[in-house]
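K.L.:
Sequence first, predicted model second:
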Amino acid sequence: MTPPKHVWSGDWEAESEAEARRRAEAEAERQTRESQAAEAPTATGRTIAPGSPADPYARPEGPPRRGRIAALAIIAVLLVGGGAFAAGLLLDGDDDSKSSTTPVAALPSVGSKPVTPSRGQTRAGAIYAAASPAVVSIRTSTGTGTGFLIDKQGTVVTNDHVVETSKDVQVKFGTDGRTIQGEVKGVDPSSDLAVVHIDASTIPGGVKPLEFADSRGVSVGDVAIAIGNPFGLDRTVTEGIVSSLGRTLKAPNGFQIDDVIQTDAAINPGNSGGPLLDDGGKVIGVNSQIATNGVTSGNVGIGFAVPSNTVRQVVPGLKLGKTVSHAWLGVQIDTTGATNPNATSGAVIGSVETGGPAESAGLQAGDVVKRIDGQEVRDSTGLSTAINAKAPGDKIKLTVERNGQTQDLDVTLENRPEQVPSQAGTQTTP
């Protein structure tokens with residue numbers, strides 16, 4: 001049995017950087033094979049075009065798995081791209097053109113009322129009885145994780161880092177034990193989300209898809225219940241509370257996930273991709289990462305879940321096999337004070353990406369971003385969150401302080417790049 005490894009723990013920043021490098025190397029190797037295939041004549045003297053039916057390295061239809069390189073060390077990179085619940089999120093089309101995008105409609109949220117347990121039944125027991133049939137285990141060639149059914153058409157939500165580069169996975173409902181083939185329809189490494197499709201006819205009878213709550217209604221101290229497959233233990237339930245809100249995490253490609261929910265419900269390796277539920281059994285988040293004490297990889301009461309509103313926004317596009325576009329400013333934030341040691345608030349620009357929207361607008365290293373569209377920016381996280389709430393093509397006004405003088409700069413945001421640029425002396429936003 002392959003040991004379950006799918007939940008990030010400990011120093012997830014270092015782990016995500018290593019994962020990004022591994023994926024980038026795999027993508028580079030694939031591209032090299034395709035290039036060699038394009039140049040190699042066939043037995044009849046023909047040259048095979050990459051991606052053609054005759055191409056031995058052609059990949060299945062679906063969204064491209066792009067190389068993702070995370071940057072290293074001390075200045076935070078604000079190539080922002082994930083996490084905020086924004087009606088402006090866009091989807092790239094199936095063709096190679098990035099100029100044509102369409103708005104995406106979010107999945108609906110439903111009101112949530114506390115579950116009333118039967119006599120002799122606990123609240124957690126009642127929620128488990130109602131929700132656990134829709135929770136599945138997901139197995140890849142490298143490990144196991146968790147997912148959950150969200151509709152009767154066979155749409156299963158999980159984490160990007162659970163499916164990794166897999167095109168097909170094995171799915172199992174605990175109710176009948178059958179192994180079902182699942183197809184990875186789409187991934188969004190910027191939000192650490194993925195969608196797997198199974199044939200609707202394979203869904204066991206009586207299984208009800210889980211519904212999403214509006215995560216903006218979640219409060220610290222609320223009940224939080226996690227269902228998943230820790231260490232391969234099928235559909236384990238743990239109960240806790242919402243410990244904090246508004247956390248930020250690093251996604252698999254190094255970008256920042258905003259509005260993350262922190263919980264003390266026990267989450268362990270194998271729980272990733274499973275639902276975090278409120279006291280009404282509605283999904284408020286997707287369990288993704290944990291912090292540890294450095295001694296053990298197990299739970300120490302600090303777990304993190306991607307908020308349901310991010311899931312509701314991203315999943316419809318992934319279900320269609322499309323790529324979710326995220327807004328990009330194109331700057332790197334100095335968190336060390338090296339660029340502007342006199343700045344006491346705001347986001348200090350460490351450097352500006354060549355050819356990016358910030359450079360085009362005249363932003364410079366050492367500038368301190370104080371406001372976006374009139375809203376105060378207190379630090380680098382505030383700048384990242386504000387950009388994440390925008391969409392490619394949005395026009396924003398940055399109020400910056402430069403050499404003691406304040407000025408406004410108009411910026412038109414663009415699509416974030418396919419991978420985080422790797423630059424010496426930089427790191428991705430945590």
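P.N.:
Structure received. Since the structure is predicted, the reported quantities are computational estimates derived from the model, not experimental observations.
K.L.:
So which residue is dead centre in this structure?
P.N.:
Ser191 (1.6 Å; CA atoms, centre = their mean).
K.L.:
In a strand, that residue, correct?
P.N.:
No - counting by DSSP: H, G, I helix; E, B strand; the rest coil, Ser191 is not part of a strand but coil.
K.L.:
That one touches Asn309, doesn't it?
P.N.:
No - assessed by CB atoms under 8 Å, Ser191 is found out of contact with Asn309, at 10.9 Å. In short, each C-beta sits where N, CA and C put it, glycine included.
K.L.:
coming back round to it: how much space is there between the residue nearest to the centre of the chain and Val352?
P.N.:
25 Å (CB to CB, to the nearest Å).
K.L.:
what's the answer for Gly303, then?
P.N.:
From Gly303 across to Val352, the span is 36 Å (CB to CB).
K.L.:
The two: which is more packed in?
P.N.:
Neighbour totals were compared for Gly303 and Val352, and Gly303 leads with 29 against 21 (other CB atoms under 10 Å).
K.L.:
Give the closest residue to the more buried one in space, chain neighbours not counted.
P.N.:
Ile267 (3.7 Å; CB to CB, 6 or more residues apart in numbering).
K.L.:
mind checking which helix or strand that neighbour is in?
P.N.:
Assigned by DSSP states H and E, Ile267 falls within no helix or strand.
K.L.:
OK, contacts around it?
P.N.:
7, 226, 228, 230, 238, 287, 290, 299, 303 (CB atoms under 8 Å, 6 or more residues apart in numbering).
K.L.:
The residues you listed in strands, which ones?
P.N.:
226, 228, 238, 287, 290, 303 (DSSP state E).
K.L.:
now the residues you listed as CSV including distance to Val135?
P.N.:
Formatted as CSV, the ones in strands among the contacts of Ile267 follow (distance: CB to CB, whole Å):
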residue, distance to Val135
Ala226, 10
Gly228, 7
Thr238, 13
Asn287, 11
Ile290, 18
Gly303, 16
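K.L.:
Which single one of those is nearest to Ala106?
P.N.:
Ala106 lies nearest to Asn287 out of the ones in strands among the contacts of Ile267, by CB to CB, at 20.6 Å.
K.L.:
quick one: that closest one from Val162, how far?
P.N.:
10 Å.
K.L.:
Give me the common contacts of the two.
P.N.:
146, 272-273.
K.L.:
Among these, which are located in strands?
P.N.:
Going by DSSP E, the strands hold Thr146 from these.
K.L.:
of the shared contacts of Asn287 and Val162, closest to Gly206?
P.N.:
Thr146 (20.1 Å).
K.L.:
From Ala365, how far off is that closest one?
P.N.:
43 Å.
K.L.:
Just give the nearest non-adjacent residue to Thr236, would you?
P.N.:
Thr236's closest residue in space is Pro230 (CB to CB, 6+ apart), at 5.4 Å.
K.L.:
The one you found and Pro269 touch, don't they?
P.N.:
Yes - contact criterion CB under 8 Å: Pro230 and Pro269 qualify, at 6.5 Å.
K.L.:
what's next to stretch 121-134, contact-wise?
P.N.:
114-118, 148-149, 173-175, 204, 206-210, 223, 225, 227, 235, 237, 239, 275, 277, 279-281.
K.L.:
The residue nearest to Gly303 and Gly221: what is the separation?
P.N.:
For Ile267 relative to Gly221 (CB to CB), the value is 18 Å.
K.L.:
what do you get for Ser384?
P.N.:
27 Å.
K.L.:
hey, where'd the helices end up in this protein?
P.N.:
Under the criterion DSSP state H, helices of the chain are mapped to 12-39, 123-131, 160-163, 308-319, 357-361, 380-388.
K.L.:
least reliable of those going by mean pLDDT?
P.N.:
When mean pLDDT is averaged over each of the helices of the chain, helix 12-39 scores lowest at a mean of 57.
K.L.:
Residue ranges in the stretch 201-350 of the chain under the pLDDT threshold?
P.N.:
293-298, 336-339 (pLDDT under 70).
K.L.:
where do the strands sit along it?
P.N.:
223-228, 236-250, 256-263, 275-277, 283-290, 303-307, 323-325, 327-328, 331-334, 347-352 (DSSP state E, counting those that start in this stretch).
K.L.:
Using PDB, write down the CA coordinates of the fifth one.
P.N.:
Only the C-alpha atoms of strand 283-290 are listed here, as PDB (Å, rounded to 0.1, in the frame of the first residue of the first chain):
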ATOM      1  CA  VAL A 283     -18.800  23.000   3.100                       C
ATOM      2  CA  ILE A 284     -16.900  26.000   4.400                       C
ATOM      3  CA  GLY A 285     -13.500  25.000   3.000                       C
ATOM      4  CA  VAL A 286     -11.300  22.400   1.500                       C
ATOM      5  CA  ASN A 287      -8.600  21.000   3.800                       C
ATOM      6  CA  SER A 288      -5.200  21.700   2.400                       C
ATOM      7  CA  GLN A 289      -2.300  22.200   4.800                       C
ATOM      8  CA  ILE A 290      -1.200  21.800   8.400                       C
END
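K.L.:
same for it, what does it pack against?
P.N.:
strand 223-228, strand 236-250, strand 256-263, strand 275-277, strand 303-307, helix 308-319 (3 or more CB pairs under 8 Å, 6 or more residues apart in numbering; DSSP states H and E).
K.L.:
do the second one as well
P.N.:
Packed against strand 236-250, as judged by 3+ CB pairs under 8 Å, 6+ apart, are the following elements: helix 12-39, helix 123-131, strand 223-228, strand 256-263, strand 283-290, helix 380-388.
K.L.:
Check which residues of that strand are buried.
P.N.:
By neighbour count on 16 or more other CB atoms under 10 Å, the buried set for strand 236-250 is 236-243, 245, 247-250.
K.L.:
Please name the residues that touch Ser118.
P.N.:
Ala126.
K.L.:
So it versus Gly125, what's the distance?
P.N.:
Taking CB to CB, one finds Ser118 at 9 Å from Gly125.
K.L.:
again, but for Glu414
P.N.:
From Glu414 to Gly125 the distance is 50 Å (CB to CB).
K.L.:
just Pro275 next, same as before
P.N.:
From Pro275 to Gly125 the distance is 16 Å (CB to CB).
K.L.:
Please apply the same query to Gly206.
P.N.:
Taken as CB to CB, the span from Gly206 to Gly125 is 18 Å.
K.L.:
Name the residue in those two with the higher neighbour count.
P.N.:
Using other CB under 10 Å as the criterion, Gly206 and Gly125 rank with Gly125 on top: 15 against 7.
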